[in-house]
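Novice: Got a sequence here, can you model it:
(one chain, ligands or ions: 2)
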Amino acid sequence: MQLILILFFLWYSKYMKEIKEKSLDDSITSLYKLGPAKEEKFNSLGIYTIRDLLYYFPFRYQDFTDVVKVKDLLYYDKASAVVNITNIKSYRSPRKKMILINAVGEDETGKVSIIWFNNPFVLRTIKVGNTVSLSGNLKMKTKTRMEFQSPSYEIISSEDMDVDFNELKHTGRLVPVYSEKPGLSSKMIRSYVKMALNDYSYLLKETLPDETLKLYNLENVQDSIYQMHFPETIEKSEVAKKRFIFEEMLLVQIHMLQLKKENLKIPSPLISVDDNLLASFKKTLPFILTDAQNNSINEILKDLKSKSPMNRLLEGDVGSGKTLVAMSAGLIVCSDNYQAAFMAPTEVLAKQHFLTAKKLFKNFDIKLALFTSDSIQIKDGNLEGKISKDALKHEIEKGNNYFIIGTQSLIQKDISFSKLGLVIIDEQHRFGVKQRKQLLTNDKLVPHLLSMTATPIPRTLALAVYGDLNLSILDELPQGRKPIKTRVVSKRYETQLFDFIEKQILKKKQVFIICPRVEPSEENESFKNLLMKDVASVKKEYERISSIFSKYSVAMLHGKMKPIEKEKTMRDFSENKINILVATSVIEVGVDVPNATTMVIEGAERFGLAQLHQFRGRVGRGVDQSFCFLMSESYAKNTRDRLKALVEYNNGFKLAEIDLATRGPGQFFGLQQSGIPDLAMSSLKDLKLLAQIQKEAQRLANIDSSLSKWPNLEQRFSSFIKGLHIE
Ligand code: ADP
Ligand code: MG
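Specialist: Ligands and ions are numbered 1, 2, ... in the order given. Purely as a prediction, here's the structure:
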């Protein structure tokens with residue numbers, strides 16, 4: 001007897017242990033009937049553990065909440081009903097070789113037909129006598145009878161018609177729809193989620209600190225997770241969603257704060273700033289700097305003087321003079337015997353920056369080099385010309401204080417900088433820690449980093465997305481710029497427009513014509529195909545314009561041209577040898593030709609507001625009045641409103657706000673690449689909420705930046721950032 005008791009005890013304790021050891025970190029394969037094939041599918045969605053699955057939220061809900069009696073189905077296009085199956089059979093449709101399944105369902109009020117196409121599985125599942133809950137579209141079958149068309153179904157039991165709809169998964173309620181994979185349907189995901197909710201959700205611990213929940217009126221995690229997947233009402237799902245948006249964005253913000261703190265620990269060169277040099281540089285300029293430019297330069301110099309690396313984003317509207325700010329920083333760094341690298345997004349721009357630098361530094365003893373795929377040029381004291389790549393690499397390795405301009409390939413090529421003090425990246429928002437590590441100098445110092453963007457993201461937003469960076473904003477255009485006159489024009493007025501263009505050319509001014517982007521005709525069209533189509537359309541337009549303006553010089557610019565051709569075209573254009581440049585969107589970033597005063601954008605409705613504003617920024621760079629014509633044949637209200645905003649506002653920050661409000665953050669120019677997950681991203685729509693989240697992240701970090709005071713939060717954080725691609 002005693003032995004039996006002991007054995008029983010051993011068995012029992014093992015059993016208890018098994019129960020106790022159930023954990024959210026368990027593999028999803030612990031769920032009933034989830035084998036290796038499905039596991040792989042789940043993995044490809046980033047779902048490995050039960051926790052991952054519980055946090056895999058639906059992107060919408062199907063509303064099957066209209067549960068009615070059979071006789072009332074007549075009044076609905078889509079509804080749910082609970083019926084008893086009285087007949088079910090299959091046959092092959094003669095013509096289409098389809099398997100049709102016909103069934104009849106009844107309740108105490110009448111009969112309804114049901115049809116499924118090509119779904120033999122139904123026949124194996126549903127039997128005569130089953131009680132089934134059905135949800136789906138309805139069609140009139142006869143005058144008195146309705147037909148369910150391929151409805152969702154679930155079997156309740158064999159006789160009981162009394163159903164608790166909250167217990168259902170696929171029918172008779174708000175049904176979650178998940179993004180699926182071939183072989184892993186939304187329906188399957190739903191079933192596994194339901195299992196996970198039933199068996200594991202009690203294990204979910206509250207991740208947010210009590211105070212956070214109270215301060216911001218957020219629902220607790222257990223209720224919220226349930227309402228996210230199987231909401232009782234849409235309102236409840238929204239309350240739950242707010243909680244998870246808050247949670248996710250909070251995690252992102254905490255991560256940013258940590259990155260920022262980490263960054264401060266890395267040693268970097270301490271630059272001594274020669275204020276006199278800066279003052280005399282400013283005196284050589286043909287213009288006075290704007291206050292915003294002066295402030296930004298000061299912010300940058302302050303960072304350079306510190307021994308932790310600068311990590312600064314310079315945000316400024318097109319034409320606000322970012323290049324000059326960057327060049328000033330480069331001048332200071334090189335004068336202190338360090339090297340500076342300036343990376344442009346394209347070779348055309350690198351060359352343009354090189355020419356600018358040559359002019360700016362004419363009277364300064366700066367060793368300047370242009371490093372591009374086909375040429376290396378240098379201006380080194382009095383020596384000007386070309387040297388071999390190897391010779392330049394050698395110079396740089398030796399530690400000579402070059403200011404090197406090139407593209408991103410500067411860091412991929414085998415140049416080893418030995419005294420790199422500053423890296424400037426034009427038109428990129430963030431530069432990963434990994435990329436930065438590639439730039440370690442001999443002394444294991446990390447260079448200071450200045451990135452620049454012409455996307456004027458509102459400050460709150462920029463802080464949310466680039467919170468690990470410090471921000472300098474150029475919110476002011478140089479004096480004397482005349483706002484660009486913008487008009488929306490339809491093709492009917494083309495003759496007048498061409499007259500106008502000719503007058504500008506006769507005044508020795510130049511014109512850009514941007515060709516419409518070819519829209520993807522099929523969903524999966526490759527980027528390369530699209531590019532080819534873009535080129536085709538720009539070629540056609542070029543021919544047309546050339547024949548209309550046969551007296552003048554017309555040229556074309558597109559992304560498929562060889563670098564050397566592009567360069568020649570850009571040079572000819574900037575030397576006013578070309579009157580009209582017909583281009584694709586390659587012209588978008590950075591090109592600076594102050595003599596160009598007119599821009600025509602064809603098919604303007606196809607571009608986003610931010611992008612149109614970028615295009616427009618290619619004119620209005622000199623003292624003359626500039627013009628921008630938005631050609632559009634679209635009368636859709638939304639499009640008209642967008643184009644009108646451009647007519648009304650010349651300010652990129654203002655336009656960015658409008659773009660954000662109308663198109664939402666997902667579309668927002670440049671933010672898709674930020675690495676922020678979708679749910680957190682949706683907090684960007686609500687700047688007030690966003691500000692609250694930032695405040696809360698800071699509050700928590702001030703109390704305990706390691707989060708160990710809140711173990712659940714800490715644990716959630718560490719698993720969350722594993723999947724995050726913000727570096
Ligand atoms: P972006 O910020 O778009 O990169 P750029 O740096 O190319 O703008 O500057 C646009 C033009 O404005 C350039 O021709 C530049 O020489 C000129 N510029 C820059 N700063 C000033 C200023 N303070 N006053 C007048 N013109 C300026
Ligand atoms: Mg620029």
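
Novice: Contact residues of the stretch 151-300 of the chain facing ligand 1?
Specialist: 287, 289, 290, 293 (C-beta under 6 Å from any ligand atom). For glycine as for every other residue, the C-beta is placed from the backbone atoms N, C-alpha and C.

Novice: which one in these is the model shakiest on?
Specialist: Within the set of those, pLDDT is lowest for residue 287 (92).

Novice: Now do the same for it: helix, strand or coil?
Specialist: Following DSSP: H, G, I helix; E, B strand; the rest coil, we place residue 287 in the coil state.

Novice: residues in contact with it?
Specialist: Contact analysis of residue 287 by C-beta atoms under 8 Å, 6 or more residues apart in numbering lists 478, 479.

Novice: How about residue 63?
Specialist: Applying C-beta under 8 Å, 6+ apart to residue 63 gives the contacts 174, 175, 234.

Novice: Out of the residues of the stretch 151-300 of the chain next to ligand 1, flag the one nearest to ligand 1.
Specialist: Among those, residue 287 lies closest to ligand 1 (C-beta to the nearest ligand atom), at 3.5 Å.

Novice: Where does the stretch 601-727 of the chain get nearest to ligand 1, which residue?
Specialist: For the stretch 601-727 of the chain, C-beta to the nearest ligand atom, closest residue to ligand 1: residue 621, 4.9 Å.

Novice: mind checking the SS state of the closest residue to that residue other than its chain neighbours?
Specialist: Spatial nearest neighbour of residue 621, chain neighbours left out: residue 594 (4.3 Å); criterion: C-beta to C-beta, 6 or more residues apart in numbering. Of the three states, residue 594 takes coil under three-state DSSP.

Novice: didn't residue 594 look like it was pressed against residue 626?
Specialist: No: the pair residue 594 / residue 626 is not scored as a contact, 9.6 Å apart, by C-beta atoms under 8 Å.

Novice: who has more neighbours, these two?
Specialist: Neighbour totals were compared for residue 594 and residue 626, and residue 626 leads with 24 against 15 (other C-beta atoms under 10 Å).

Novice: surely the more buried one meets residue 482?
Specialist: Yes: between residue 626 and residue 482 there is a contact under C-beta under 8 Å: 7.1 Å.

Novice: Now do the shared contacts for those two.
Specialist: residue 620.

Novice: Tell me the helix or strand right after the top helix by length along the chain.
Specialist: Using DSSP state H, we find that the single longest helix of the chain is helix 234-265. Per DSSP states H and E, the first helix or strand lying C-terminal to helix 234-265 is helix 275-284.

Novice: Could you look up the next helix or strand downstream of the longest strand belonging to the chain?
Specialist: When the chain is parsed with DSSP state E, its longest strand is strand 78-93. Scanning forward in sequence from strand 78-93 by DSSP H and E, the next helix or strand is strand 98-107.

Novice: Low-confidence stretches in the stretch 401-550 of the chain?
Specialist: 413, 429-438, 440-443, 517-535 (pLDDT under 70).

Novice: Can you show me the helices along the stretch 501-650 of the chain?
Specialist: Along the stretch 501-650 of the chain, counting by DSSP state H, counting those that start in this stretch, helices occupy 527-548, 563-574, 609-616, 637-648.

Novice: Deepest-packed of those helices, please.
Specialist: helix 609-616 (a mean of 24; mean count of other C-beta atoms under 10 Å).

Novice: Which strands or helices does that helix pack on?
Specialist: strand 596-601, strand 627-631, helix 637-648, helix 652-663 (3 or more C-beta pairs under 8 Å, 6 or more residues apart in numbering; DSSP states H and E).

Novice: Go through those and name the closest to residue 60.
Specialist: helix 652-663 (19.1 Å; C-beta to C-beta).

Novice: Nearest to residue 248 among the helices and strands packed on helix 609-616 would be which one?
Specialist: Using C-beta to C-beta, the nearest of those to residue 248 is helix 652-663, at 19.1 Å.

Novice: Now that closest one: buried residues?
Specialist: 652, 653, 654, 655, 656, 657, 658, 659, 660, 663 (16 or more other C-beta atoms under 10 Å).

Novice: model confidence over that helix, on average?
Specialist: Averaging pLDDT along helix 652-663 gives 79.

Novice: Counting by contacts, list what that helix packs against.
Specialist: Going by 3+ C-beta pairs under 8 Å, 6+ apart, helix 652-663 lies up against helix 609-616, helix 637-648.
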